[in-house]
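Undergrad: Please find the sequence and the predicted model below.
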Amino acid sequence: MYVSITISNREMKLQNDQFHSLTFKELGIQESDIEEFLSDNLQLLVDEDESLLLIGQQIQNTHRGRSDLVAIDNQGNLVLIEIKRDLEDIINRKEPFEFQAIRYAANYAKIVDIDEVINKIYAPFLEKKGGNRT
């Protein structure tokens, strides 16, 4: 429900307007579109005193899965960002969404130092993007 306020003759009135919600699918938006938008706007995912540095996109793991986005936060923690277009995409998965997240996190837990992060994730990402991302 959308609520608007109308002000006239020094009187304020609430006005309820109904609207129809649409899914990304109904709007023709693909998961890759959301991924590109988020990769350019990571600040939308964190509080204003936090930041994320994108270091990887579509990173293949040992189980042939692909992490949509990988970032590093202010404290140097790896942040995995897995995107699903809508509830239907989550429900229609072969495995529960939570299992996918656990598998991906377990894969990244094997990384032992920052050199491995740079060599396996960030350097290939920069090479693929032509070194234009900061």
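TA: Ah, there it is.
Undergrad: how distant is stretch 45-59 from the center of its chain?
TA: 9 Å (C-alpha atoms, centre = their mean, to the nearest Å).
Undergrad: got a list of what the residue most central in space within the chain touches?
TA: The centre of the chain sits closest to Ile81, judged by C-alpha atoms, centre = their mean, with a distance of 4.5 Å. For Ile81, the contact set (C-beta atoms under 8 Å, 6 or more residues apart in numbering) comprises 38, 45, 67-71. From N, CA and C alone the C-beta is placed, and that goes for glycine too.
Undergrad: Show me the two of those residues that sit farthest apart.
TA: Among the contacts of Ile81, the pair separated by the greatest distance (C-beta to C-beta) is Leu45 and Ser67, at 14.8 Å.
Undergrad: And these two? Which one has more around it.
TA: For Leu45 and Ser67, the more surrounded residue by other C-beta atoms under 10 Å is Ser67, and the numbers stand at 23 against 14.
Undergrad: Perfect, I'm done here.
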